[in-house]
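Q: Following is a predicted model, sequence given first.
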Amino acid sequence: MTAFDPRGVRTDVPLTRRVINGRTITYLDSAASSLTPRTVIEAMDRYYENYHANVHRGVYQTANEATTIYEGARDAVARFLNAPGGSSEIVFTKNTTESFNLIARSWGATFLNPGDVVLLTEMEHHANIVPWFQLRDTQGIEVRFIPVGDDFRLDLSEIDELMRDVKLVSVTGMSNVLGTIAPVRQLADVAHRHGALIAVDGAQSVAHSSTDLVGLDIDFLAFSAHKMLGPTGLGVLWAREAILDAMPPFMGGGGMILDVSLDGFTPAKGPSRFEAGTPPIAQTAGFSAALKYLEGLGMANVAAYEKELTGDALTRLALEFEGRVRIIGPGDTLERGGVISLDVEGVHPHDVAQVLDQFGVCVRPGHHCAKPLMKRFGLAATARASFGPYSLVEDTDVLLEALGHAVKMFG
Amino acid sequence: MTAFDPRGVRTDVPLTRRVINGRTITYLDSAASSLTPRTVIEAMDRYYENYHANVHRGVYQTANEATTIYEGARDAVARFLNAPGGSSEIVFTKNTTESFNLIARSWGATFLNPGDVVLLTEMEHHANIVPWFQLRDTQGIEVRFIPVGDDFRLDLSEIDELMRDVKLVSVTGMSNVLGTIAPVRQLADVAHRHGALIAVDGAQSVAHSSTDLVGLDIDFLAFSAHKMLGPTGLGVLWAREAILDAMPPFMGGGGMILDVSLDGFTPAKGPSRFEAGTPPIAQTAGFSAALKYLEGLGMANVAAYEKELTGDALTRLALEFEGRVRIIGPGDTLERGGVISLDVEGVHPHDVAQVLDQFGVCVRPGHHCAKPLMKRFGLAATARASFGPYSLVEDTDVLLEALGHAVKMFG
Amino acid sequence: MPGLDELYREIILDHYRSPRNRGELPPPAVRVEGFNPLCGDEITVYAQVENGVLSDIKLTGHGCSISQSSSSLMSAAVKGRSLEEVRGTIATFKHLMTAHEERLDEGPGSSVEADVRRLGELAALAGVVKFPVRIKCATLAWNTLTQALDEIPVVGDTSGV
Amino acid sequence: MPGLDELYREIILDHYRSPRNRGELPPPAVRVEGFNPLCGDEITVYAQVENGVLSDIKLTGHGCSISQSSSSLMSAAVKGRSLEEVRGTIATFKHLMTAHEERLDEGPGSSVEADVRRLGELAALAGVVKFPVRIKCATLAWNTLTQALDEIPVVGDTSGV
Ligand SMILES: Cc1ncc(COP(=O)(O)O)c(C=O)c1O
Ligand SMILES: Cc1ncc(COP(=O)(O)O)c(C=O)c1O
């Protein structure tokens, strides 16, 4: 067993004690959103009870304290990511999705010209697809896709051809459907060799493994607090300082300006240029607590532990269902995270999830906002089980029991 | 006294018991952000402890419950506003600022052509100015301003001339600097008579008075939860159903699509088209509790009570400081809310706020994100005191005591 | 807490495993696609109308047991009926689907009980109401059929426009 | 909890009420504007340099007592000094402003104590460190002066480029 104590984590998370249909919840939907430790909830309570005020421009004490909490979260994120330029590279957004829209509308609309290519992969989440399609419509860029092989991994055999005219490679660090981990550092080298930048969708990868921006050598990173034990309503965009400095504002409003007159406006410098309006302040208090909690566990430990759980589940699924349950994703744990998409023969994912719910098991049926990937594998949907640091091998036990029931019922 | 019990409200809000510099806090910055009642904090705790899951597409029980909470908040907002088309007209955003950017980038970029005019007022918040300047740069529209008179009210004497080529009138319901309440219904009639639409910045007005969309006859409304006892990180855009239906998506990503392929995407119908990515779910739980709490008080009662407090404060300020403290805003309580901007002779607003902080009094110095208005009155900043439903006349007592000290110190 | 057997009645599983009226119809049959964006269920309804009667109906598509069995049950219930009867059945079914969970267990004489009696085999879907997320699955075929009926050209209609 | 008197020393209020070196200088004096977007403080520095000496300095602008007194105190401290001395004073002052609150009360021999000794009247601003939001007010004039020095054309500089 790894260095941290998953049972202790379980105890720290109130929702793991919820009873559903007479059974204690078996939460296997962490890829959609993680459960929240008490310390995170309490950090937000403390914020609202003692420190709440609007940030910036305040002279009085709570306004100062709120600002310190907000900017302190920025520092905490920079440390968590080992951001080369520190906290001035951290922009707070609403979620991963806003972060990608910001990249597309600010950097993309400024630096991409008709004919330029943005290279995605077939396993992207819609958050890293739709903003580029929108930009294609206004900017005349081309959107191209790195294929996913039958082994559920990126097919990089023709990567140099694919790179023609590419100005940005934008890839997910880990697929939220397949569990596949992309070779980000290798892709960063390819991108830079071709004079392109690289953006990474870290919604899954930042939440489930350790991130070292200095080592990764990427240019943009986007992720969400709610997938990493933090609150809903908060996302992060990281970008290299020099890139961020060259980007015009995205949304306009208070806090992002240097000056406004009846004739026009001058945007502010630094991350605040991208943070128009009152930000999700309380959420940054919760997120700081979540990051501290994760750092206490150690992200490398979390990754190793989830890999163990995944390996065990993959083995047992293969053994118990002898082919009636197909894994849509790599069958081994090599370069793969704790997301297990199931295709159960003769049982629609919706029905799988419904039967599992009867056992208190939470899995998500659907296209997981990755319809191009679904179409690539000729599926309308999968039933997806995914782990978090509070997951236990008993969760897999219940999953298998419930799956057995589903197979029998529709058999 | 009005029908509700402000002392009871005070008791319901934990932060009102905070001690600052040895004195119980005197919070007079509700226009920037309101304090949070315990019931709102607890609603979010309950959400994270029992119901948290990502919304939509879930079959299991907590996903259902989270969706019910999220959509229930939409219903609650529709009821609170008396929205003619119900909850299908309610879009959740991050804040008022995002709501205005959404209007500008979706409706504005689609329906405004070069030469078309957006008519604002000189007392707008940057949230309702900068997005239009941004649109001017891409769309070639003209941005025009209704002047504010020396009486601190909108000067509508030339409104018919100002309306030439106007396609949208966008005005604040209540100035966050002057306290001035705009004649929204009258402006709606003017706008419609000229074939224009009207948007209202309700950040202050929705928070401090009762809103009846059926009666107001406006077309768009934007506001923030954090200014009306709710959490940070949640805003609302309301628009007439027919208008909303005609608007293309703003941000792209998960949840706002009907279909995505490698070739393109089809946006979803209804409010979800504008809600890309995981929304601020827990925040909607808190906001529902806030709305319920406000409905319990009665928004008409809140408005009447804050008017009383304002009238008392205006009178006493005039009496005690005999001209050394100038009110930047109407001197009476006619069509005016509980925002009192002060210009203290010989004492810079920053210093006013600093001295007041020593007494535990929270007022905000600065331009209040309304620089054009500041310039209109030849000021760089004011020190602003503003009331909420938990404010008491004792707050005014301490304000006056502390102001007296500031005046003496710099005298 | 409703049990799975209330949702997955044997008759539903039967129609899911052996759907009735699968296939396509050539023009002039009307063809309409229905789509549930949340779960990806897809149904295509082919409706043939002759002399005010839904003389034939066929379905293709894929989806969960509820959407597929509902479409199969629907096809069996409406095939060969007059358009008026079909519209009546649609209305009754949709009324059932909007019933509140509690009303489901109301006794004889209730409007739900009346729906159930009128619907025959279709009433097997009544339990769906206790699983609100699945109602969209159950009604997909019905909404698609409604759309198909609306698209049928008014030919041989002697009652005037 | 630091008291107001630590921030608003009498000397600060005096410089605020009667600012030294107010006004403008004609070219070839360098003119640089400084701006604090958060609170709206504005300062314009006019710097006249002759033979490596800041022979004259004038200031206009408006802002809070801290930003205005700091600029007044600064002007008195640097006027007539060699550029090297001026840069030294700027460095010392900015070092003081980054001191941690606790270090302020350190005894003799500490680097803060040394700063305070070197700065003379300027040391009245030391209390600002205990009010972190006001540090930007105190340093505005100094940052603007730094920028002005950087813009001074290297004329009559005999030490080579
Ligand atoms: C009148 C007005 N409009 C808009 C805003 C912006 O609201 P938010 O910062 O929540 O986007 C505010 C508050 O700062 C305001 O007072
Ligand atoms: C890989 C990936 N990218 C992006 C997202 C979008 O994140 P959010 O909904 O928080 O914007 C998700 C989660 O839904 C995801 O798994």
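A: Looks like it arrived, so ask away. Residues are numbered from 1 along each chain as shown, chains lettered A, B, ... in the order given. Ligands and ions are numbered 1, 2, ... in the order given.
Q: Nearest to chain B: which residue in chain C?
A: Nearest to chain B in chain C, going by CB to the nearest CB, is residue C:37, at a distance of 4.7 Å. Heads up, the C-betas are built off the backbone N, CA and C, glycines and all.
Q: lowest average confidence, helix or strand, in chain A?
A: Using mean pLDDT, DSSP states H and E, strand A:257-260 stands out as the lowest-scoring helix or strand of chain A, at a mean of 87.
Q: Kindly report the same for chain C.
A: helix C:111-119 (a mean of 73).
Q: which other helices and strands contact that helix?
A: Helices and strands touching helix C:111-119, by 3 or more CB pairs under 8 Å, 6 or more residues apart in numbering or on different chains; DSSP states H and E, are helix C:83-97.
Q: what about the most centrally placed residue in chain A, distance to residue A:95?
A: Centroid-nearest residue in chain A, with CA atoms, centre = their mean: residue A:203, separated by 0.9 Å. Distance, residue A:203 to residue A:95, using CB to CB, to the nearest Å: 9 Å.
Q: any shared contact partners between these two?
A: Residues touching both residue A:203 and residue A:95 (CB atoms under 8 Å, 6 or more residues apart in numbering or on different chains): residue A:224.
Q: Check the offset of whichever helix in chain C runs longest from the chain's centre.
A: Counting residues, the longest helix in chain C under DSSP state H turns out to be helix C:132-151. Remark: helix C:132-151 is offset 7 Å from the chain centroid, using CA atoms, centre = their mean, to the nearest Å.
Q: try stretch C:89-98
A: Averaging C-alpha positions (CA atoms, centre = their mean) puts stretch C:89-98 9 Å from its chain's average.
Q: Likewise for stretch A:207-224?
A: Put simply, stretch A:207-224 sits 11 Å off its chain's centre (CA atoms, centre = their mean).
Q: end-to-end on it?
A: Criterion CA to CA, to the nearest Å; first-to-last residue distance in stretch A:207-224 is 8 Å.
Q: is it anywhere near ligand 2?
A: Yes: Stretch A:207-224 comes into contact with ligand 2 (CB under 6 Å from any ligand atom), by way of residue A:224.
Q: What residues of that stretch count as buried?
A: Using 16 or more other CB atoms under 10 Å in any protein chain shown as the test for burial, stretch A:207-224 gives A:207-211, A:213, A:216-224.
Q: interface residues of chain C facing ligand 2?
A: Counting by CB under 6 Å from any ligand atom, no residue of chain C is near ligand 2.
Q: For chain C, which residue gets nearest to chain D?
A: Per CB to the nearest CB, residue C:37 is where chain C lies closest to chain D, at 44.6 Å.
Q: Give the rounded mean pLDDT of the longest helix along chain A.
A: Taking DSSP H as the criterion, chain A has its longest helix at helix A:299-321. Mean per-residue pLDDT for helix A:299-321: 97.
Q: what about the next helix or strand after that helix, distance to the chain center?
A: Counting by DSSP states H and E, the next helix or strand C-terminal to helix A:299-321 is strand A:325-327. Between the centre of strand A:325-327 and the centre of its chain there are 24 Å (CA atoms, centre = their mean).
Q: try stretch C:14-33
A: Using CA atoms, centre = their mean, the offset of stretch C:14-33 from its chain centre is 12 Å.
Q: Does it reach chain B?
A: No: using CB under 8 Å from any CB of the partner chain, stretch C:14-33 never reaches chain B; the gap is at least 11.7 Å.
Q: buried residues in that stretch?
A: By neighbour count with 16+ other CB under 10 Å, stretch C:14-33 contains the buried residues C:15, C:16, C:19, C:20, C:21, C:25, C:29, C:30, C:31, C:32.
Q: Stretch C:62-80 now?
A: For stretch C:62-80, the neighbour count (16+ other CB under 10 Å) marks C:63-79 as buried.
Q: so which of those residues are also by chain A?
A: Under the cut-off given by CB under 8 Å from any CB, chain A has C:63, C:64, C:65, C:66, C:68 from those close to it.
Q: which non-adjacent residue is nearest the first one?
A: Take residue C:63 and drop its neighbours on the chain: the residue closest to it by CB to CB, 6 or more residues apart in numbering or on different chains is residue C:41, 3.1 Å away.
Q: same deal with residue A:406?
A: Distances taken as CB to CB, 6+ apart put residue A:355 closest to residue A:406, at 4.0 Å, once the chain neighbours are dropped.
Q: ok, that neighbour touching residue A:402?
A: Yes: Residue A:355 is in contact with residue A:402 according to CB atoms under 8 Å; the separation is 6.4 Å.
Q: Among the ones next to chain A among the buried residues of stretch C:62-80, which are located in helices?
A: Reading helices off these with DSSP H, I get C:65, C:66, C:68.
Q: And for residue 130, the neighbour number?
A: All of this is about chain A. Residue A:130 is flanked by 28 other residues according to other CB atoms under 10 Å in any protein chain shown.
Q: that's the wrong chain, I meant chain C
A: 17.
Q: Widest-spaced pair of the buried residues of stretch A:207-224?
A: Distance extremes for these: the farthest pair is A:217 and A:224 at 22.8 Å, using CB to CB.
Q: my read: residue C:9 touches residue C:124, true?
A: Yes: using CB under 8 Å, residue C:9 is in contact with residue C:124, at 4.4 Å.
Q: These two: which is more packed in?
A: residue C:124 (22 against 18).
Q: Need the per-residue pLDDT for the more buried one.
A: Per-residue confidence (pLDDT) for residue C:124: 89.
Q: do the same with residue A:177
A: pLDDT, residue A:177: 98.
Q: need the contact list for the residue lying closest to residue A:208 once chain neighbours are set aside.
A: Distances taken as CB to CB, 6+ apart put residue A:337 closest to residue A:208, at 5.1 Å, once the chain neighbours are dropped. Residues in contact with residue A:337 (CB under 8 Å, 6+ apart) are A:174, A:179, A:181, A:204, A:205, A:208, A:209, A:303, A:306, A:307, A:310.
Q: do residue A:187 as well
A: By CB under 8 Å, 6+ apart, residue A:187 lies in contact with A:156, A:169, A:171, A:198.
Q: Would you mark the buried spots in the longest helix of chain A?
A: For helix A:299-321, by 16+ other CB under 10 Å, it's A:299, A:301-303, A:305-310, A:313-314, A:317, A:321.
Q: Same check on stretch A:56-64?
A: Residues A:56, A:57, A:58, A:59, A:60, A:61, A:62, A:63, A:64 are the ones in stretch A:56-64 that count as buried (16+ other CB under 10 Å).
Q: so does that stretch get close to chain B?
A: Yes: residues of stretch A:56-64 contacting chain B under CB under 8 Å from any CB: A:57, A:58, A:59, A:60, A:61, A:62, A:63.
Q: quick one: residue A:306 and residue A:392 touch, right?
A: No: here residue A:306 does not reach residue A:392: they are 11.5 Å apart, not a contact under CB under 8 Å.
Q: how close does the residue of the stretch 251-400 of chain A found nearest ligand 2 get to ligand 1?
A: Nearest residue of the stretch 251-400 of chain A to ligand 2, counting by CB to the nearest ligand atom: residue A:369, 5.7 Å away. The spacing between residue A:369 and ligand 1, counted by CB to the nearest ligand atom, to the nearest Å, is 27 Å.
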